[in-house]
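Enquirer: build me a structure from this.
(chains A and B)
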Protein chains: 2
Amino acid sequence: MIGQAALLACDWGTTNLRAWTLDDAGRVVAHREFALGVSRLAPGEAAERFQDEVQPGLDAVGLPAILCGMVGSTLGWTVAPYLDCPAGLTDLAGCLAAVEAHAAWVRIVPGLRCAGIAGSPDVMRGEETQVLGWIGQDPARARGRHVVCHPGTHSKWVLVEDGRILRFVTAMTGELFSVLTQHSVLRSDAPAEDTVAFDEGLAAAAEGDALAARLFTARARVVGADRAADTTPSYLSGLLIGAEVASVPRLMGLSGYMPVALLGDAALCSLYARAFEARAMRCETFDGEAAALAGLFALYRSGERP
Amino acid sequence: MIGQAALLACDWGTTNLRAWTLDDAGRVVAHREFALGVSRLAPGEAAERFQDEVQPGLDAVGLPAILCGMVGSTLGWTVAPYLDCPAGLTDLAGCLAAVEAHAAWVRIVPGLRCAGIAGSPDVMRGEETQVLGWIGQDPARARGRHVVCHPGTHSKWVLVEDGRILRFVTAMTGELFSVLTQHSVLRSDAPAEDTVAFDEGLAAAAEGDALAARLFTARARVVGADRAADTTPSYLSGLLIGAEVASVPRLMGLSGYMPVALLGDAALCSLYARAFEARAMRCETFDGEAAALAGLFALYRSGERP
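Expert: Sure, this is the predicted structure:
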């Protein structure tokens, strides 16, 4: 039986804010989404919109609240400085950034940083909470090594060891798809729904090398081989996802035999699952929203409390 | 001594139209540029603008004219169908597409098509004329194998054998730079003039694999390692050019010892030369405009004449 609302939990990202009230066992009492992604906010606006819209919109004025995602960046409410990997639940829970709204206890989950590739760090904000939630959903995930792939605008490939996030790599796959279909010679507003063209794109990705050259095949197959222009988004989607799946595990030095946990939006995960299958790589899909909620609740329960 | 204008030669591309009148020895009598790239024209507008602006603008009404580039595409004046590789000067000169303007003889150079990568064809329009012009500028280039790299929005890597274009590969490097600096999380209007950041980008390109992941380092180095955001365009330029130079020759099966002829815009060629140097690859730079002119004149001299 679902109890009374005890916590307001928010996944507050670049384009959207998803909010839930949870009871004291972490069960969902209410849920709403708000078009308040931090990229749409003016500097300093986050606190005000949270007080004026999010708390009242969920009858959560006065409830403690925990927030993850880009709300902890320079574009958000207050900066929750990156925590360096390896990091697990108790590390993050011990570093929540404190703010207040309607006199309520509000905490923001820090992002993570690790030594990335090419001499650069890598960073994430929001996905760490989903990954930690996913770990907490099954005791077997708190031991040994696991690989999580979180597809999206900026896909994250996360190596988990003994319940902590060891390191990760980000790929701009979703953003490449978006800018190329909107602004390049490959632009098209046709839906990316053609499975045959998607599979052609997967095959064209090969090992994910020479991407700038492989991308031009999406144009040349139309002007040089009379393929229908409205199949371009599907082909491009297969090409970009295929290139990511082919190249990022190798870049991370991961064994090809290790099963990958796909965590995120169901439709996007199904495209990735198709790319994994085409390469005879094993994967299993998990619900990103449920993991985010589990992570937010676990962070609330593990840290200082109001 | 430069003689009387005998020919109107045009390199008519996507964004610009460069026009010259030449005397009967191919020497430049006059030169003008027009903001009449085919992407700016309505369907059917090319013929009219050529008659009303280009011919009168160069005192070339009545002169025979030869045109290369996207003017021969579906976006241009009339379609000059692709010629399949291998193809040389006489092949192209024998397939010029005929139009007329102010009753003058006007011919459009066809583009080239070859079997590309990933089961797709590859195509070019305009660069073939520059490459053929370059070949004609030195008798040594008409024998044996040569590799030409023509950097640009869509870079072309061209394998020349015994004076003919054997095959080529296109990389969307310039377009990736353009859409990412204008429309992505990497957007910036800072000039790409920071040599240190360019070299960092070259190093980050490594072997050109996993490009979507390497691209995110351009963001992570700013938010995770406090590099100045206004160095992002330079870093991105180095990363994209470095990835192209590292991966396309391998994709084409070219020997790393073969010197590459860089043909095109001087500033862009100098960036590519830096990338070649960083990989200990040999290159020599040649002027793209002079090659285009030489190619247009040679095609005029080799084909049917007015």
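Enquirer: just the element for residue A:100, please.
Expert: Here residue A:100 sits within strand A:97-101, counting by DSSP states H and E.
Enquirer: next, the contact list for the most centrally placed residue in chain A, please.
Expert: In chain A, the residue lying closest to the centroid (Cα atoms, centre = their mean) is residue A:127, at 4.6 Å. Residue A:127 sits next to A:150, A:156, A:158 when contact means Cβ atoms under 8 Å, 6 or more residues apart in numbering or on different chains. Quick note: C-beta positions are derived from backbone N, CA and C, even for glycine.
Enquirer: helices of the stretch 51-200 of chain A, residue ranges please.
Expert: A:55-57, A:89-93, A:127-136, A:173-183, A:195-205 (DSSP state H, counting those that start in this stretch).
Enquirer: nearest to residue B:225, of the ones you listed?
Expert: Closest to residue B:225 of these is helix A:127-136 (Cβ to Cβ; 18.5 Å).
Enquirer: before we move on, back to that, how far away from the center of its chain is the strand holding residue A:100?
Expert: A distance of 24 Å separates the C-alpha centroid of strand A:97-101 from that of its chain, computed with Cα atoms, centre = their mean, to the nearest Å.
Enquirer: which outside residues touch that strand?
Expert: In contact with strand A:97-101 (Cβ under 8 Å, 6+ apart) are residues A:47, A:50-51, A:55, A:65, A:72, A:77-81, A:105-108, A:110.
Enquirer: right, and the helix or strand after the longest helix seen in chain A?
Expert: The helix that spans the most residues within chain A, counting by DSSP state H, is helix A:232-251. Sequence order places strand A:260-264 as the next helix or strand after helix A:232-251, per DSSP H and E.
Enquirer: tell me the strands beside that next one, with direction?
Expert: In the sheet, strand A:260-264 lines up against strand A:145-150 (parallel), strand A:283-287 (parallel) (DSSP bridges).
Enquirer: could you give the average pLDDT over it?
Expert: The pLDDT scores in strand A:260-264 average 97.
Enquirer: can you name the residues of the stretch 1-150 of chain A sitting close to chain B?
Expert: A:73-74, A:82, A:113, A:116-123 (Cβ under 8 Å from any Cβ of the partner chain).
Enquirer: repeat the analysis, applying 10 Å as the threshold.
Expert: Contacts of the stretch 1-150 of chain A with chain B, taken as Cβ under 10 Å from any Cβ of the partner chain, map to A:14, A:39, A:73-74, A:82, A:84, A:111-125.
Enquirer: separate out the buried members of those residues.
Expert: The neighbour-count test (16 or more other Cβ atoms under 10 Å in any protein chain shown) marks A:14, A:73, A:82, A:111-114, A:116-118, A:120-125 as buried among the residues of the stretch 1-150 of chain A next to chain B.
Enquirer: how many residues are close by residue A:251?
Expert: 18 (other Cβ atoms under 10 Å in any protein chain shown).
Enquirer: from residue A:169, how far out is the nearest residue to it once chain neighbours are set aside?
Expert: Nearest non-adjacent residue to residue A:251, counting by Cβ to Cβ, 6 or more residues apart in numbering or on different chains: residue B:210, 4.5 Å away. Residue B:210 sits 8 Å away from residue A:169, going by Cβ to Cβ, to the nearest Å.
Enquirer: thanks again, I'm all set now.
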